[in-house]
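In: Sequence and predicted model, in that order:
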Amino acid sequence: MTRPRIVIGNWKMNPLTPAAATTLATAVAREAGRVVRVGVAPPALFIPVVAEVLRETRVGIYAQDVSAEEKGAFTGQIAATMLTSYVNGTLVGHSEARRYLGDDDERVAKKLIQVLRAGLEAVLCIGEREDEFDAGATEDVLAAQLGAPLHALSESDRDGRMTERFVIAYEPVWAIGTGRPATGEHATAATKTIRRVLEEDGGIDGDAIPILYGGSVTASGAIEFAKAEGIDGALVGGASLKAEEFAGIVRAFA
Ligand code: PEP
């Protein structure tokens with residue numbers, strides 16, 4: 001099974017002006033290359049301006065988050081349907097949304113279905129915290145985090161087409177923004193767990209689902225993950241804010 005190689009830059013709450021977002025998007029498009037699918041996830045407010053900059057390029061656009069609800073009285077939220085005019089897909093369940101915005105597995109599952117129903121690609125982020133890693137509980141945590149999303153998928157994905165737009169990002173929380181990436185070996189083990197759970201608990205062909213690694217990926221460290229069995233790309237935070245560094249990561253996966 002040949003899966004696509006995908007590298008997505010999650011800009012988080014950066015940069016702070018539309019002009020700076022335009023400059024960064026322009027530089028990413030210049031460096032992007034042709035082999036790997038490249039995407040950026042700008043802050044929601046800057047999505048339209050970045051979409052305009054990237055209109056004629058091969059760089060995809062992602063949202064960082066989305067509402068779990070379809071529409072209505074949900075002040076401050078953005079519906080998946082609204083995103084469809086601008087983006088290819090969105091992250092759901094990023095550890096920072098879980099930590100700072102209270103996303104739990106049930107809400108993440110609802111977001112996943114909203115995104116897939118809207119026809120967008122969903123990048124479901126999962127990963128263990130440091131105390132869970134230390135306790136050797138990575139497998140259990142990944143299985144638990146997949147539980148509600150897989151249940152929701154089994155209820156909603158009647159013809160099996162939704163999973164064609166389903167991507168998983170394995171992001172150990174202890175590696176995000178810490179400068180301390182996981183090893184390729186650990187990431188590979190996580191992909192095996194994830195694909196086994198997809199098959200056993202979700203009836204989904206795990207080999208068909210791209211799995212990205214995220215957590216302190218840099219241009220110099222990316223090759224370890226590019227070579228790691230089962231890893232199909234990267235979700236990049238800090239290093240995606242420097243176009244050249246990000247391009248180095250893209251090249252590692254080419
Ligand atoms: C992320 O936020 O998804 C991430 C992986 O961040 P960083 O690359 O900075 O660790």
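Out: Yes, it's here. Numbering: from 1, shown residues only.

In: residues contacting the closest residue to the ligand within the stretch 101-250 of the chain?
Out: Nearest residue of the stretch 101-250 of the chain to the ligand: Gly237, at 2.1 Å (C-beta to the nearest ligand atom). From N, CA and C alone the C-beta is placed, and that goes for glycine too. By C-beta atoms under 8 Å, 6 or more residues apart in numbering, the contact set of Gly237 is Gly9, Asn10, Lys12, Ile176, Gly177, Gly214.

In: what's the closest of these to Thr90?
Out: Taking C-beta to C-beta as the measure, Thr90 lies nearest Asn10 of the contacts of Gly237, at 10.8 Å.

In: tell me the pLDDT at that closest one?
Out: pLDDT, Asn10: 98.

In: Number of residues surrounding the closest residue to it other than its chain neighbours?
Out: Take Asn10 and drop its neighbours on the chain: the residue closest to it by C-beta to C-beta, 6 or more residues apart in numbering is Ala41, 4.7 Å away. Neighbour count of Ala41, defined by other C-beta atoms under 10 Å: 28.

In: Now for Ala41: which residues touch it?
Out: Counting by C-beta under 8 Å, 6+ apart, Ala41 has contacts Ile8, Gly9, Asn10, Trp11, Ile61, Tyr62, Ala63, Gln64, Thr90, Leu91.

In: neighbours around the last one, how many?
Out: For Leu91, the neighbour count with other C-beta under 10 Å is 26.

In: do the fifth one as well
Out: The burial metric for Ile61, expressed as a neighbour count using other C-beta under 10 Å, is 23.

In: Are we agreed that it is in a helix?
Out: No. Ile61: not assigned to a helix; according to DSSP: H, G, I helix; E, B strand; the rest coil it is strand.

In: Excluding chain neighbours, give the residue nearest to it in space.
Out: Per C-beta to C-beta, 6+ apart, closest to Ile61 is Val87, 4.6 Å.

In: three-state assignment of the one you found?
Out: Per three-state DSSP, the local secondary structure of Val87 is coil.

In: Show me which residues of the stretch 1-150 of the chain sit near the ligand.
Out: Residues of the stretch 1-150 of the chain lying close to the ligand (C-beta under 6 Å from any ligand atom) are Asn10.

In: try 8 Å this time
Out: Residues of the stretch 1-150 of the chain lying close to the ligand (C-beta under 8 Å from any ligand atom) are Asn10, Lys12, Leu91, His94, Ser95, Glu96, Cys125.

In: hmm, which two among those residues are most spread apart?
Out: Lys12 and Cys125 (12.6 Å).

In: which residues in the stretch 151-254 of the chain form strands?
Out: For the stretch 151-254 of the chain, strands defined by DSSP state E, counting those that start in this stretch occupy the ranges 166-170, 211-214, 233-236.

In: now those in JSON lines, with mean neighbour count, distance to Asp159 and mean pLDDT?
Out: Shown next, in JSON lines, are those (neighbours: other C-beta atoms under 10 Å; distance: least, C-beta to C-beta, whole Å; pLDDT from 0 to 100):
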{"stretch": "strand 166-170", "mean neighbour count": "26", "distance to Asp159": "14", "mean pLDDT": "98"}
{"stretch": "strand 211-214", "mean neighbour count": "27", "distance to Asp159": "23", "mean pLDDT": "98"}
{"stretch": "strand 233-236", "mean neighbour count": "29", "distance to Asp159": "26", "mean pLDDT": "98"}
